[in-house]
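Enquirer: After the sequence you'll find the predicted model.
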Amino acid sequence: MNDANLTLHTDKYQINMMYAHWKRGSMNEKAVFEAYFRKLPFGNGFAVFAGLERIVAYIRSLAFNDEEIEYLRMQEEKYDEDFLLELRKFKFTGNLFAMREGTLVFPNEPLVRVEARVFEAQLIETAMLNFMNYQTLIATKAARIKQVATNERLLEFGTRRAQEADAAVWGARATYIAGFHATSNMRAGMLFGIPSSGTHAHSWVQGHDSEEEAFKEYAEALPDHVTLLVDTYDTLRSGVPNAIKIAKELEQRGKRLKGIRLDSGDLAYLSKRARSMLDEAGFTDALIVASNDLDEDIIAELKAQGARIDVWGVGTQLITAFDQPSLGGVYKLVAREKNGILEPVIKISGNPEKISNPGVKEVYRVVNRQTGMAVADYMCLPEEEEEIRKGQPIKLSDPLHPHRSILVENYEAIALLQPIFDKGELVYELPKLDEARSFHQDQLGHFWPEHLRKLNPEMYRVYFSRSILELKTELLNKYQG
Ligand SMILES: Nc1ncnc2c1ncn2[C@@H]1O[C@H](COP(=O)(O)OP(=O)(O)OP(=O)(O)O)[C@@H](O)[C@H]1O
Ligand SMILES: O=P(O)(O)OC[C@H]1O[C@H](OP(=O)(O)OP(=O)(O)O)[C@H](O)[C@@H]1O
Ligand SMILES: O=C(O)c1cccnc1
């Protein structure tokens with residue numbers, strides 16, 4: 001089985017719509033779609049955009065080859081042979097704009113905008129949302145953990161519990177963007193250049209006649225990388241004392257014990273006791289690693305209890321986004337070509353939150369020039385861009401609470417959507433992963449801590465320009481009237 005070609009990693013309804021467009025001759029009409037989410041995950045104050053690298057690789061490799069065509073030919077829809085011939089020629093020829101990976105992003109703002117033949121724009125919806133939703137979710141979960149563990153090292157340990165292999169490696173990458181330091185997944189390390197890190201398992205200890213012997217053998221084999229798991233039998237009576245013995249032996253060979261790992265029990269109590277024992281024996285530089293179903297709440301709680309933990313190994317809760325396993329990103333048509341002209345469109349819903357925002361929108365981050373801090377995000381139509389680019393005073397009003405408007409002056413407006421593909425050509429140089437990671441870190445510095453705290457953060461505002469709101473009202477009246 002060859003599962004490398006992702007072209008059919010789409011919902012059947014996309015193929016059926018493509019077929020219908022092909023049949024009625026509208027496949028080449030232009031469509032503009034925007035991908036955004038409506039609600040922040042985990043009650044967080046921001047999300048961290050991730051997924052662009054995979055989206056780019058996916059779009060570049062789109063190809064209906066023999067296997068794909070053969071499978072389509074077998075379908076009960078009995079697609080016309082000429083349609084299958086058309087698919088053989090398929091190539092992405094449109095424009096795509098996206099946020100940079102690591103950008104702090106907020107509800108309702110487009111993270112990706114696709115301007116393409118409807119034939120192409122429709123095909124890529126499913127895979128794009130799949131990549132963007134998962135990776136953004138995991139990067140956001142990782143950012144919450146990073147938020148509470150600012151001074152410690154963070155290791156991603158989740159592969160065994162991840163929702164399969166792709167989630168493990170792309171998830172590991174997302175955690176690295178958000179500030180994790182290393183992953184235990186070797187393939188993620190190899191594919192993306194993420195530092196890899198590992199201790200040893202209980203089985204290593206169980207597989208020897210004694211814990212001391214197990215530690216000794218391990219230290220023999222890897223004298224420069226000895227982090228010993230001390231909780232197999234009894235952490236304080238056996239594990240830590242045995243680790244100290246090994247540390248002394250290593251010392252005689254001119255080596256240092258790197259650390260110990262605690263993986264059960266009261267991590268606050270055990271880490272404090274283990275710290276004193278190591279310190280008293282002279283191993284003040286030995287690090288204490290903790291793992292065991294950790295998440296941002298437990299880490300914060302352990303820190304509040306004065307736990308002496310230098311390194312957190314976080315697996316299941318992180319890689320599965322345990323408390324909210326999906327991000328509800330959507331991909332909505334905002335404009336379509338009609339008689340050769342792009343016209344804004346709307347999707348109406350009984351649920352006001354689900355009414356789409358029409359028109360091709362640009363997104364700006366409005367940054368106060370004096371403080372360097374982000375004030376709000378602002379979305380406008382292309383014809384309104386000049387005003388904001390020039391930094392002319394703008395009045396930002398909340399459509400639901402118009403009295404809550406603010407006048408912003410002396411600001412810089414940073415365009416958040418970057419051109420990625422231009423007429424099918426890749427025009428964006430994908431940053432190195434470390435650049436995305438430091439870009440994210442830098443971004444955090446432009447937000448007030450009130451927006452970043454993990455519990456009940458102050459809402460960072462995203463405003464629509466007056467023209468977008470007027471357009472929305474006009475279209476609502478048109479379709480409801
Ligand atoms: N001091 C603490 N305060 C709050 N939570 C803690 C503290 N110490 C550990 N925890 C967390 O409590 C949960 C349960 O820990 P416990 O040691 O009972 O786990 P366990 O799964 O029973 O252990 P084992 O891995 O041996 O089965 C884990 O998520 C752990 O991270
Ligand atoms: O707890 P997580 O955050 O997922 O971190 C990874 C866990 O994976 C390992 O346990 P293992 O899978 O061997 O099983 P265990 O739950 O019995 O420790 C390790 O000892 C950690 O406890
Ligand atoms: O290296 C470790 O200690 C590790 C890696 C994966 C899962 N649990 C622990």
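Expert: Done, it's in. Numbers count the residues shown, from 1 in each chain. Ligands and ions are numbered 1, 2, ... in the order given.
Enquirer: Which residues outside whichever strand in the chain runs longest are in contact with it?
Expert: For the chain, the strand that runs over the most residues, judged by DSSP state E, is strand 330-338. Residues from elsewhere that reach strand 330-338, judged by CB atoms under 8 Å, 6 or more residues apart in numbering: 29-38, 114, 118, 125, 128-129, 342-345, 347, 356-361. Every residue, glycine included, has its C-beta placed from N, CA and C.
Enquirer: Looking at those residues, which are in helices?
Expert: V118, E125, M128, L129 (DSSP state H).
Enquirer: between those residues, which is nearest ligand 1?
Expert: L129 (31.9 Å; CB to the nearest ligand atom).
Enquirer: Now I388: phi and psi?
Expert: Dihedral pair for I388: phi -80, psi -30, per degrees, to the nearest 10.
Enquirer: can you pull the contacts of it?
Expert: I388 neighbours (CB under 8 Å, 6+ apart): Y364, V366, Y378, C380, I394, A413.
Enquirer: and the last one, how many neighbours?
Expert: Neighbourhood size, A413 [other CB atoms under 10 Å]: 23.
Enquirer: next structured bit after whichever strand or helix holds it?
Expert: Using DSSP states H and E, A413 maps to strand 411-415. Per DSSP H and E, the first helix or strand lying C-terminal to strand 411-415 is strand 418-422.
Enquirer: What strands line up against that next one, and which way round?
Expert: strand 95-98 (antiparallel), strand 425-426 (antiparallel) (DSSP bridges).
Enquirer: Which of those strands has the highest mean neighbour count?
Expert: strand 95-98 (a mean of 24; mean count of other CB atoms under 10 Å).
Enquirer: Output that one in PDB with nothing but the alpha carbons.
Expert: Coordinates of the C-alpha atoms in strand 95-98 are reproduced here as PDB (Å, rounded to 0.1, in the frame of the first residue of the first chain):
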ATOM      1  CA  ASN A  95      -3.300  32.300  -5.000                       C
ATOM      2  CA  LEU A  96      -3.000  31.400  -1.400                       C
ATOM      3  CA  PHE A  97      -2.400  33.700   1.600                       C
ATOM      4  CA  ALA A  98      -1.700  32.600   5.100                       C
END
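Enquirer: so what does whichever helix or strand comes after that strand touch, helix or strand wise?
Expert: Sequence-wise, the next helix or strand downstream of strand 95-98 (DSSP H and E) is strand 104-105. Judged by 3 or more CB pairs under 8 Å, 6 or more residues apart in numbering; DSSP states H and E, strand 104-105 is in contact with strand 47-48, helix 433-444.
Enquirer: Starting from the shortest one, tell me which strands it pairs with and how they run.
Expert: Just to be clear, that refers to strand 47-48. strand 104-105 (antiparallel).
Enquirer: what residues does the strand it pairs with touch?
Expert: F46, A47, V48, F49, M99, L111, T136, H440, Q443, L444, F447.
Enquirer: give me that answer again for 10 Å
Expert: The contact list for strand 104-105 (CB atoms under 10 Å, 6 or more residues apart in numbering) reads 36-37, 40, 45-50, 99, 111, 136, 139-140, 143, 363, 365, 374, 377, 416, 440, 443-444, 446-447, 451-452, 460, 462.
Enquirer: Same question for stretch 203-218.
Expert: 199-202, 225-234, 238-239, 241-243, 245-247, 249, 257, 260.
Enquirer: rewinding a little: considering the contacts of I388, which is situated nearest to H9?
Expert: Comparing the contacts of I388 against H9 with CB to CB places Y364 closest, at 32.9 Å.
Enquirer: How much space separates the closest residue to that closest one other than its chain neighbours from ligand 2?
Expert: Counting by CB to CB, 6 or more residues apart in numbering, A413 is the residue found nearest to Y364 once chain neighbours are left out, at 4.1 Å. Distance of A413 to ligand 2, computed by CB to the nearest ligand atom, to the nearest Å: 41 Å.
Enquirer: quick one: contacts for A413?
Expert: Contacts of A413 by CB under 10 Å, 6+ apart are 362-367, 377-378, 380, 385, 387-392, 394.
Enquirer: about what we covered before: now render the strands paired with strand 418-422 as TSV, adding mean pLDDT.
Expert: Shown next, in TSV, are the strands paired with strand 418-422 (pLDDT from 0 to 100):
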stretch	mean pLDDT
strand 95-98	98
strand 425-426	98
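Enquirer: So which of those strands is nearest ligand 1?
Expert: Here strand 95-98 is closest among the strands paired with strand 418-422 (CB to the nearest ligand atom), at 36.5 Å.
Enquirer: Pull the residues that contact that closest one.
Expert: 30, 32-35, 49, 51-52, 55-56, 59, 110-116, 121, 124, 128, 132, 360, 362-363, 415-428.
Enquirer: Let's see that with 6 Å instead.
Expert: Contact with strand 95-98 is made by L52, V112, R113, V114, E115, L417, P419, I420, F421, D422, as judged by CB atoms under 6 Å, 6 or more residues apart in numbering.
Enquirer: Quick check: R261 is in a strand.
Expert: Yes - checked against DSSP: H, G, I helix; E, B strand; the rest coil, R261 lies within a strand.
Enquirer: any low-confidence regions in the stretch 351-481 of the chain?
Expert: 402, 481 (pLDDT under 70).
Enquirer: which residue ranges form the helices in it?
Expert: Listed in chain order, the helices of the stretch 351-481 of the chain (DSSP state H, counting those that start in this stretch) span 385-389, 433-444, 449-452, 466-480.
Enquirer: List the buried residues in the first one.
Expert: The reference is to helix 385-389. Buried residues in helix 385-389, counted by 16 or more other CB atoms under 10 Å: I388.
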